[in-house]
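Peer 1: here is my input, please return the structure:
(4 chains)
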Protein chains: 4
Amino acid sequence: MSPHYVLNIRCGDAVGIVAAVASALASSEAFITESSHFGDEGTGLFFMRTVFRATGTRFATLDDFRLAMAPVAQRFDMQLQLFDATQRMKVMLAVSKHGHCLNHLLHRWHSGELPVDMVGVVSNHAELRRLVDWYGLPFHHLPLQDDKAAQEAQLLERFAASGAELLVLARYMQVLSDDLCQRLEGRCINIHHSFLPSFKGARPYHQAHARGVKVVGATAHYVTADLDEGPIIEQDTVRVDHTLDAEAFVRLGKDVENVVLARAVHWHAEHRVLLNGRRTVVFRHGA
Amino acid sequence: MSPHYVLNIRCGDAVGIVAAVASALASSEAFITESSHFGDEGTGLFFMRTVFRATGTRFATLDDFRLAMAPVAQRFDMQLQLFDATQRMKVMLAVSKHGHCLNHLLHRWHSGELPVDMVGVVSNHAELRRLVDWYGLPFHHLPLQDDKAAQEAQLLERFAASGAELLVLARYMQVLSDDLCQRLEGRCINIHHSFLPSFKGARPYHQAHARGVKVVGATAHYVTADLDEGPIIEQDTVRVDHTLDAEAFVRLGKDVENVVLARAVHWHAEHRVLLNGRRTVVFRHGA
Amino acid sequence: MSPHYVLNIRCGDAVGIVAAVASALASSEAFITESSHFGDEGTGLFFMRTVFRATGTRFATLDDFRLAMAPVAQRFDMQLQLFDATQRMKVMLAVSKHGHCLNHLLHRWHSGELPVDMVGVVSNHAELRRLVDWYGLPFHHLPLQDDKAAQEAQLLERFAASGAELLVLARYMQVLSDDLCQRLEGRCINIHHSFLPSFKGARPYHQAHARGVKVVGATAHYVTADLDEGPIIEQDTVRVDHTLDAEAFVRLGKDVENVVLARAVHWHAEHRVLLNGRRTVVFRHGA
Amino acid sequence: MSPHYVLNIRCGDAVGIVAAVASALASSEAFITESSHFGDEGTGLFFMRTVFRATGTRFATLDDFRLAMAPVAQRFDMQLQLFDATQRMKVMLAVSKHGHCLNHLLHRWHSGELPVDMVGVVSNHAELRRLVDWYGLPFHHLPLQDDKAAQEAQLLERFAASGAELLVLARYMQVLSDDLCQRLEGRCINIHHSFLPSFKGARPYHQAHARGVKVVGATAHYVTADLDEGPIIEQDTVRVDHTLDAEAFVRLGKDVENVVLARAVHWHAEHRVLLNGRRTVVFRHGA
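Peer 2: Sure, this is the predicted structure:
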């Protein structure tokens, strides 16, 4: 793949931002292949994501473009991030005993549809080791005993050692400590098996069944210290009816969890998700 | 239409209920055109709805069939309801200023697709009178002044005088008193403009926008004294994204409110909704 | 509303288009509030829609901005359209006997949610006159007798006389002649009551029922001489099952027709739909 | 699991069928746990599916119940099938190179959510052998060379030898001969990667992209000699837009294929699907 870059910008909205950015890129002989922006009238913030190809010789590396964009960034007081789109994001998964999200993400990755580099799986249980082995990935068994802090320290160590840039809680049934949440801020995605903010906490499908809802859902969100309150990346729902017990809700919900989590990881890995306070701007690609 | 009846049953589950009911109907020369039942393993309750046509001469009226079913009802200690399906349910609507649900329900009724008899509209405002006039229905303007109890008494009086069997709160933006809720128990359906239990109370779309959800919804439920906690009849959802402000959530949500409320009214009017504690059994017809 | 403009562009893709457009707008003191673009790698075409506000004094009118954009348009050999976003598009509706789409569109317009100016309704039948009267719109009854060409001539005359810019076939059950299709090219939207390309032609719900499908849908598309083959603007679907006969398909489908057609008209009226051969680029807002 | 049976019935509709069936079951001390029936007014046919538990001693085996039902079956000229619900259906999968449906079905089966016994996988390619090996299932590599008839004979031989009762074409990219279709009538389910009847035949996502649709879908159907024309069991759809090329349609469609095929296999395995000419009656459980 020829050099491809993703440029993400956040700043206060103003006249001329798009022009300034696009001009700087044009001057750098960059060919824009995709670009989206959004001005939030409520907060006055401006968000932009641009994918471009280097077509010239003077501007070719990340550093070249960083230099080229510096005056624009300064002029508009931008938070600016530049990524090499040919470098796949390194992702570590965390699981417990439910294997459906793990299986879905690994299959998607293995078949080339999820554009990430999987670098390993951590688990507080051993049940899913064989599946991970099949994919040739390291499986880090970190059982939870008395000392949760020690276990989390190990988790963080494996994360760092693997070079991972994103931790995906693919039905990891442990609440992370506030400290770990803060260390992984914006780099940790969880799938919650309900349509948040309905049914936070434990056993959401059972809560949903007791309430008699007619639709259940799943929510992928960034993890924050405030349980199940982090910025939402993606949600989806599926119909249920009175003939289904809570276990059937669980079974039906798994398909939604799979799809919602895979989308969230996909979009995060392509730098399509920008934080807007406790909300997200998602420059989606496709449904 | 030839005589058609709906028989609804609720009782403890046991061997032989379906056989006993079906045999009693067959002995009465009834031709079953639709039948559904459901045994809730969690509560041990059994629910059944049967639509049948009288084909004989000895059994023709509601009373004939009531007599025919009496031994079965007694044997299984059933709560049994029998309705004449050729009698459309009489429905009164309550609205405030938002006319979309009113417009949708009246059009559906007028075009023969919603099998009810509309008997009037009550409102605490006057804005929607002209629309109601067009449909040739009585419009009862019951403004809310100091004395809410008096206004509710008037509402109840109009309801009773009209012969209405169901009150539909089609975006009626007043909380009913506990007393009124109890008097209308099981006979009053509300549309809440969120996916309950998320975002109870006022301005749910604005709450949803502030939380940054990616899907919004609507919920039709029986009204109880416990605000927005009544048994849910129907729910549905629609995707939203970061480009939409709360007003756009409102606009998009209206289509979902229309469809969800019309379904709930339709199913209730055909006696398809049975209460199962704080949940409902809905013997749906179609999507 | 302060001056707002929509700029739509179509041209061959190349380096620097976005920069050139954005720079020309910035030089004209335009504040971009929304912008989307898309490069079709398959056809090599580039599409862009930009909404901007005039903030200066030198550039304020459509002509000012046309002049400002002229060099850019010439440089990239653009098809460029500029619209005054404060001018609502004038829309004429055509109906036969089914009133659901008419009722939905008129209610949406009347409640301020569909940003168009309705200028009248034509019909080959008289049944829907009373509804149109209520909204205070002209109703043109153009019955179809022997001479279809004459009837179409009348229709076109009313369309022209009203100043309408868009004709919406809101369940108008007549096939337009090739000649009329060509005259209204890109200015006539039809709702077909199936999920195209399935079930073209007459009685699509009955075709769908006979085939035993489990989902039915509706399609809004630009009308072309090739029946039901015009560029698709929007589609959506709803589940059906074996308990539903063809008439029930019809009833369920109406909700989908309403929503799909209203979206298509909304997006067209905001200049969000650009033709890409026999396909469309739709820069959607919401849902 | 205590003895559980499924009784499926098809016959001409008449008074007293439900009563006769339910009475015969009650006399046999059967406890009905689930029952659905449907009278098709269009064809005059009656369909019924009943799940029951043996609670007595005199009636315990399949043969006991067959004898008990014989008089009823004769009286109403029924096609009657009786299944032991504790015996999982034996299923063979057929695949080519796309592994997503295979992976989804095997994971569902392995985690106990798909109530079948997988007995093996046949493929005209070798690529997916390793995945099948992991699940400990026989992998039959039956490459297609000159003699298609010989290959099909081998396929049929493996099918018979394994005791399989259902062949699932989980993206098996070969058209079966008319002869094989007939031999497997009602016992072979295919997933077609479009919303039938749109886009039959090869490369449906590419056809859909060329037509510019806004929704794509998948269809699970029984295989018949008439290509892509067999009775439809299940369908579902997903939105697409202009930013997606045909390859992206393929990627998005896979999730729909997975879910649609798994549902169809699940329902068939629980004897929930009855043929009604070229249509199906599906007594669904859950969404």
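
Peer 1: find the nearest non-adjacent residue to the closest residue to chain B within the stretch 51-200 of chain A, please.
Peer 2: Nearest residue of the stretch 51-200 of chain A to chain B: residue A:198, at 4.5 Å (C-beta to the nearest C-beta). Bear in mind the C-beta positions are built from the backbone N, C-alpha and C, glycine included. Computed as C-beta to C-beta, 6 or more residues apart in numbering or on different chains, the closest residue to residue A:198 that is not its neighbour in sequence is residue B:198, at 4.5 Å.

Peer 1: let me know whether that neighbour touches residue A:194 as I believe.
Peer 2: No. Checked against C-beta atoms under 8 Å, the pair residue B:198 and residue A:194 is beyond contact range at 9.6 Å.

Peer 1: tell me which of those two has more neighbours.
Peer 2: Legend: neighbour count by other C-beta atoms under 10 Å in any protein chain shown for residue B:198 and residue A:194, higher for residue A:194 (25 against 22).

Peer 1: you'd agree the more buried one is in a helix?
Peer 2: No. Read with DSSP: H, G, I helix; E, B strand; the rest coil, residue A:194 is coil and lies in no helix.

Peer 1: pretty sure it sits against residue A:206.
Peer 2: No. Contact between residue A:194 and residue A:206 fails when scored by C-beta under 8 Å: they sit 10.2 Å apart.

Peer 1: helix or strand for the nearest residue to residue A:38 once chain neighbours are set aside, which one?
Peer 2: Nearest non-adjacent residue to residue A:38, counting by C-beta to C-beta, 6+ apart: residue A:47, 4.9 Å away. For residue A:47, the enclosing helix or strand under DSSP states H and E is strand A:45-54.

Peer 1: helices or strands next to that strand in the packing?
Peer 2: If contacts are counted by 3 or more C-beta pairs under 8 Å, 6 or more residues apart in numbering or on different chains; DSSP states H and E, strand A:45-54 sits against strand A:4-12, helix A:17-27, strand A:30-40, strand A:273-276.

Peer 1: pull out the buried positions in the last one.
Peer 2: Meaning strand A:273-276. Neighbour counts over strand A:273-276 (16 or more other C-beta atoms under 10 Å in any protein chain shown) mark A:273, A:274, A:276 as buried.

Peer 1: where does pLDDT dip in chain A?
Peer 2: A:1, A:286-287 (pLDDT under 70).

Peer 1: near chain B, which residues of it are found?
Peer 2: Applying C-beta under 8 Å from any C-beta of the partner chain, one finds that chain A approaches chain B through A:38, A:40-42, A:195-199, A:211-215, A:217, A:231-237, A:241-243, A:245, A:276, A:278-282, A:284.

Peer 1: sorry, back to before: next, count neighbours for the residue nearest to residue A:38.
Peer 2: Neighbour number of residue A:47 under other C-beta under 10 Å is 22.

Peer 1: now residue A:200
Peer 2: Applying other C-beta under 10 Å, we find 14 residues neighbouring residue A:200.

Peer 1: likewise for the one 3 residues further on?
Peer 2: Using other C-beta under 10 Å as the criterion, residue A:203 is surrounded by 14 other residues.

Peer 1: sorry, back to before: what is the residue nearest to residue A:38 paired to in the beta sheet?
Peer 2: residue A:10, residue A:38 (DSSP bridges).

Peer 1: which stretches in the stretch 51-200 of chain A count as strands?
Peer 2: A:79-84, A:89-95, A:116-123, A:139-141, A:166-169, A:188-192 (DSSP state E, counting those that start in this stretch).

Peer 1: between the ones you listed, which one is closest to chain D.
Peer 2: Closest among the strands of the stretch 51-200 of chain A, using C-beta to the nearest C-beta: strand A:89-95, at 13.1 Å.

Peer 1: give me the sheet partners of the closest one and which way each runs.
Peer 2: Here strand A:89-95 is paired, per DSSP bridges, with strand A:116-123 (parallel), strand A:166-169 (parallel).

Peer 1: gap between the first one and the chain center?
Peer 2: Okay, so that is strand A:116-123. On the basis of C-alpha atoms, centre = their mean, to the nearest Å, strand A:116-123 is displaced by 14 Å from the centre of the chain it belongs to.

Peer 1: can you list contacts of that strand?
Peer 2: The contact list for strand A:116-123 (C-beta atoms under 8 Å, 6 or more residues apart in numbering or on different chains) reads A:88-96, A:102, A:105-106, A:109, A:128-129, A:132, A:135, A:137-142, A:155, A:158-159, A:162-164, A:166, A:172, A:265, A:269.

Peer 1: got a quick PyMOL command for the buried subset of the residues you listed?
Peer 2: Buried subset of those, written as a PyMOL selection, criterion 16+ other C-beta under 10 Å:
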select buried, chain A and resi 88+89+90+91+92+93+94+95+96+102+105+106+109+128+132+135+137+139+140+142+155+158+159+162+164+166+172+265+269
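
Peer 1: those residues of the stretch 1-150 of chain A touching chain C, which are they?
Peer 2: So far as C-beta under 8 Å from any C-beta goes, the stretch 1-150 of chain A lies against chain C at A:15-16, A:18-23, A:25-27, A:29-37, A:39, A:55.

Peer 1: list only buried entries from these.
Peer 2: Buried among the residues of the stretch 1-150 of chain A next to chain C (16+ other C-beta under 10 Å): A:15-16, A:18-23, A:25-26, A:29-32, A:34-37, A:39.

Peer 1: and the strands of the stretch 51-200 of chain A: which comes nearest residue B:177?
Peer 2: Residue B:177 lies closest, by C-beta to C-beta, to one member of the strands of the stretch 51-200 of chain A: strand A:188-192, at 37.0 Å.

Peer 1: could you tell me the angle between that closest one and strand A:89-95?
Peer 2: 40 degrees (axes from the mean of the first three to the mean of the last three C-alpha atoms, to 10 degrees).

Peer 1: what's next to the next helix or strand after strand A:188-192, contact-wise?
Peer 2: Of the helices and strands lying after strand A:188-192 in sequence (DSSP H and E), the nearest is helix A:204-211. With contacts defined as C-beta under 8 Å, 6+ apart, helix A:204-211 is touched by A:192-194, A:198-199, A:201, A:216, A:240, A:244-246, A:249-250, A:253, B:196-197, B:232, B:278-279.

Peer 1: gap between stretch A:76-95 and the chain center?
Peer 2: Distance, centroid of stretch A:76-95 to centroid of chain: 10 Å (C-alpha atoms, centre = their mean).

Peer 1: ok, now stretch A:187-205?
Peer 2: On C-alpha atoms, centre = their mean, the centre of stretch A:187-205 falls 15 Å from the chain's centre.

Peer 1: may I see the buried residues of it?
Peer 2: A:187-199, A:204-205.

Peer 1: stretch A:42-61: end-to-end distance?
Peer 2: 36 Å (C-alpha to C-alpha, to the nearest Å).

Peer 1: give me the buried subset of the residues of chain A next to chain B.
Peer 2: A:38, A:40, A:195-199, A:211-215, A:217, A:231-237, A:241-243, A:245, A:276, A:278-282, A:284.
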